[in-house]
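1. Need the 3D shape of this:
(one chain, ligands or ions: 1)
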Amino acid sequence: MKFICGRYQLDLSRPHVMGIVNVTPDSFSDGGKYSSTELAVAHAIELVEQGADILDIGGESTRPGATPVSLEDELQRVLPVIEQLAERVDVPLSIDTYKPEVMRAAIAAGADIVNDVRALQEPHALEIVAASNVGVCLMHMQGTPQTMQLEPQYDDVVTEVAGFLQSRLQAAQAAGIAAERITLDPGFGFGKRTVHNIALLQQLPVLQALGYPLLVGLSRKSVLGKITGEDVDSRLYASLAASVIATMKGAAIVRVHDVKATAEALKVVAAVR
Ligand SMILES: Nc1nc2[nH]c(S[C@@H](C(=O)O)c3ccccc3)nc2c(=O)[nH]1
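-> Next up, the predicted model:
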């Protein structure tokens, strides 16, 4: 399965590791240790040395209740990091944003993938991505980061998520984005209760049947805390289990904080799957 993303073509027949680079003061789990460009770039280079196949750079935390970040602030956070990494590492650089202007600037700065938690629904997002040759991740979210965890409701979460992703696939194809440039993501933790997250992981093959590579982000998320009782800094083992389960069920890319441990676990998956 080939994934065309900017300067790169990835062979997704083996599972790939996407390392998380948060350039945000309230980042999900590294508590803003890497809020400056230098620290973020150093962290990113370390993740590549640990085995990251892709880097996901984010300037605005989209976890539940996160405070929104202005366009200017997000640009100031992510562009220097992308510009420096484009010269210093040789792996695809993903920009984790839903703002079209950030997509445009990040692509110009060297991003190879747009990771959009809003699945290119914002005005001009489709056109901006279609006018480039970057890869794109289309993710499902119910509501917004501010509202999504208040009352997540589904009749059948897997069917509804699959239907949403199918509709975004059609929009992307209509905009002229080639199929080989697209990955899909159920959006674990984005407007889902624990029961919904578990159902989506159990039935990942249903989403795999849509015919596109799946990206899965479960690393350190609260569903793993609910299952194990561990807090966010003690969810490595649960995160590894989630990455192994997801890739055994067909996921092509896992988005994780703990790259070295995950890369080693996926070597076993690749040998056996
Ligand atoms: N494609 C894709 N992009 C992502 N960005 C993030 S943010 C994450 C965090 O680490 O803060 C997070 C943590 C908790 C809830 C929501 C989001 N999660 C994903 C994902 O699951 N898929």
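
2. Can you tell me which residues in the stretch 51-200 of the chain are near the ligand?
-> Those residues of the stretch 51-200 of the chain that sit near the ligand, judged by CB under 6 Å from any ligand atom, are 61-64, 96, 115, 117, 137, 139, 185, 187-190. Every residue, glycine included, has its C-beta placed from N, CA and C.

3. Help me confirm that residue 138 is found in a helix?
-> No - Residue 138 is assigned strand when assessed by DSSP: H, G, I helix; E, B strand; the rest coil, not a helix.

4. Look up the pLDDT of it for me, please.
-> We have a pLDDT of 98 for residue 138.

5. coming back round to it: which one of the residues of the stretch 51-200 of the chain next to the ligand is nearest residue 12?
-> Proximity of these to residue 12 (CB to CB) peaks at residue 137, which lies at 12.4 Å.

6. and that closest one, how many neighbours?
-> Using other CB atoms under 10 Å, residue 137 has 29 other residues around it.

7. I'd say it and residue 113 touch.
-> Yes - with contact defined as CB atoms under 8 Å, residue 137 reaches residue 113; the gap is 6.8 Å.

8. what's the overlap in contacts for those two?
-> Taking CB atoms under 8 Å, 6 or more residues apart in numbering as the criterion, residue 137 and residue 113 both touch residue 94.

9. Just checking, which helix or strand of this structure averages the lowest pLDDT?
-> The weakest-scoring helix or strand in the chain, judged by mean pLDDT, DSSP states H and E, is helix 37-49 (a mean of 94).

10. Now the element after that one, going C-ward?
-> strand 54-58 (DSSP states H and E).

11. partners of that following strand, with directions?
-> Partners of strand 54-58 in the sheet, by DSSP bridges, are strand 16-22 (parallel), strand 93-96 (parallel).

12. model confidence over the next helix or strand after that strand, on average?
-> Note on strand 54-58: by DSSP H and E, the next helix or strand toward the C-terminus is helix 71-88. The pLDDT scores in helix 71-88 average 97.

13. Show me where the stretch 151-273 of the chain has its strands.
-> Here the stretch 151-273 of the chain has its strands, by DSSP state E, counting those that start in this stretch, at 182-185, 215-216, 253-256.

14. Pick out the residue of the stretch 101-250 of the chain closest to the ligand.
-> residue 217 (2.2 Å; CB to the nearest ligand atom).

15. contacting residues for that residue?
-> 185, 187, 188, 189, 254, 255, 256.

16. ok, back up a step: chain center to the least confident helix or strand of the chain, what's the gap?
-> 18 Å (CA atoms, centre = their mean, to the nearest Å).

17. Identify each buried residue in that helix, please.
-> For helix 37-49, burial by neighbour count (16 or more other CB atoms under 10 Å) applies to 37, 40, 41, 43, 44, 45, 47, 48.

18. Check stretch 265-273 too.
-> Buried residues in stretch 265-273 (16+ other CB under 10 Å): 265, 266, 269.

19. Distance check, the last one against residue 217.
-> Applying CB to CB, to the nearest Å, the value for residue 269 to residue 217 is 17 Å.

20. repeat for residue 225
-> Look at residue 225 and residue 217: by CB to CB, they are 15 Å apart.

21. quick one, helices of the stretch 101-250 of the chain?
-> Per DSSP state H, counting those that start in this stretch, the stretch 101-250 of the chain carries helices over the ranges 125-130, 157-174, 194-202, 204-208, 222-228, 236-248.

22. tilt between the third one and helix 157-174?
-> The reference is to helix 194-202. Relative orientation of helix 194-202 versus helix 157-174 (axes from the mean of the first three to the mean of the last three CA atoms, to 10 degrees): 60 degrees.
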